[in-house]
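Novice: After the sequence you'll find the predicted model.
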Amino acid sequence: MDGYHLVLLALTFVLGVSIGSFVNVLIFRLRSGSRLTGRSKCMSCGRTLTPWMLIPLFSFCYQRGKCAYCGARIALQYPLVEIILGMLYVVIALVHGYDPLQTSVSQTFFVLGDMVIWTTLLAVTVYDLRHKIIPDSFSLFLAATAGMLLLVKWKLGILPTAYLPFWETMPSWIDLLAGPLVAAPFALLWFFSGGRAMGLGDAKLVWGIAWFLGFAEGISSVILAFWVAFFPSLMLLLLRSKHFTMKSEIPFAPFLVAGAFLAYVFQINILNWTF
């Protein structure tokens, strides 16, 4: 990889880190009911932070993970979310082979769309880990963005057009219906279990993921999510921790996002696998 592409990826990482700082603000303020606008303050002493204290990643390292005023520890979530989102943006650029000097406007649009999608999915993951709930605002925004990208792809002919025979357009129609089709089993499981086996928030999240990935990769991401969730859950049960039993509530959104990531990066289509 030449110097130009290394610089491009470095700038992409910086962009992700910068937006990751906003994601942290969104996660912390949404639960507390605080306004998303306004100056940031230390959550321990309440003093307003200066601009240099808000430089993504750098300020955490410079302050050695502590508030410059009161010395309280800054949550490790701040740098982790910033780093992870920066890495996600780099992965997106690599998946698309993005080069601003050679890529078309439409391709740039889809790269930016994917960045918005993965920013939302990261916010969902962290929020669900912290609070064991997925805000409807996140799920609705995800579904709206994914649906818009899908319709644009269909309109541009990236998916088969409606002028082809019905059996040849089936893949495109299935992708358009992927959201409700893939989310339906989750919604039914929530309904018949009275919310004990699965939260309705997971069904809403799967709807957006399926529209984003399409029917085949959407199904694959769900299967991968259950595979990914099986092993850590089994290990916790085998360890027989008093804090974890068969009745313990485990946030499933992180596993759904992990499955979506694997399907997205490696373009996994389990429906095509032969045994």
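Specialist: Looks like it came in fine. Values in this document were obtained by computation on a predicted structure and should not be read as measured data.

Novice: can you tell me how far residue 138 sits from residue 70?
Specialist: 32 Å (C-beta to C-beta, to the nearest Å). Every residue, glycine included, has its C-beta placed from N, CA and C.

Novice: so where's the stretch 51-200 of the chain shaky on pLDDT?
Specialist: 157-172 (pLDDT under 70).

Novice: hang on, the earlier thing: which of residue 138 and residue 70 has more neighbours?
Specialist: Taking other C-beta atoms under 10 Å, residue 138 and residue 70 do not tie; residue 138 has more neighbours (23 against 11).

Novice: and the residue lying closest to the more buried one once chain neighbours are set aside, what is it in contact with?
Specialist: Spatial nearest neighbour of residue 138, excluding adjacent residues (C-beta to C-beta, 6 or more residues apart in numbering): residue 124 at 5.0 Å. Counting by C-beta atoms under 8 Å, 6 or more residues apart in numbering, residue 124 touches 134, 138-139, 142, 205, 253, 257.

Novice: try 6 Å
Specialist: Residue 124 sits next to 134, 138, 253 when contact means C-beta atoms under 6 Å, 6 or more residues apart in numbering.

Novice: same check, this time on residue 117
Specialist: Applying C-beta under 6 Å, 6+ apart to residue 117 gives the contacts 145, 212.

Novice: Walk me through the domains of the protein.
Specialist: Following automatic domain parsing, one gets these domains for the chain: 1-103, 135-275.

Novice: can you redo those as a markdown table with distance to residue 115?
Specialist: Below are the domains of the chain laid out as a markdown table (distance: least, C-beta to C-beta, whole Å):
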| stretch | distance to residue 115 |
| --- | --- |
| domain 1-103 | 6 |
| domain 135-275 | 10 |
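
Novice: Tell me which of these sits nearest to residue 118.
Specialist: domain 1-103 (4.9 Å; C-beta to C-beta).

Novice: now the closest one, how far from the chain's geometric center?
Specialist: 16 Å (C-alpha atoms, centre = their mean, to the nearest Å).

Novice: Over to stretch 123-131?
Specialist: Computed by C-alpha atoms, centre = their mean, the separation of stretch 123-131 from the middle of its chain amounts to 10 Å.

Novice: Only C-alpha atoms, please: export it in CSV.
Specialist: Written as CSV, here are the backbone C-alpha positions of stretch 123-131 (Å, rounded to 0.1, in the frame of the first residue of the first chain):
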residue,chain,number,x,y,z
ALA,A,123,-24.2,3.4,19.4
VAL,A,124,-26.8,0.6,19.8
THR,A,125,-24.2,-1.9,20.9
VAL,A,126,-22.7,0.3,23.6
TYR,A,127,-26.1,1.6,24.8
ASP,A,128,-27.5,-2.0,25.1
LEU,A,129,-24.4,-3.1,27.0
ARG,A,130,-24.8,-0.2,29.5
HIS,A,131,-28.6,-0.2,29.9
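
Novice: What residues of that stretch count as buried?
Specialist: 123-128 (16 or more other C-beta atoms under 10 Å).

Novice: Which parts of the stretch 51-200 of the chain are helices?
Specialist: 58-62, 77-96, 105-131, 136-155, 166-176, 178-193, 200-213 (DSSP state H, counting those that start in this stretch).
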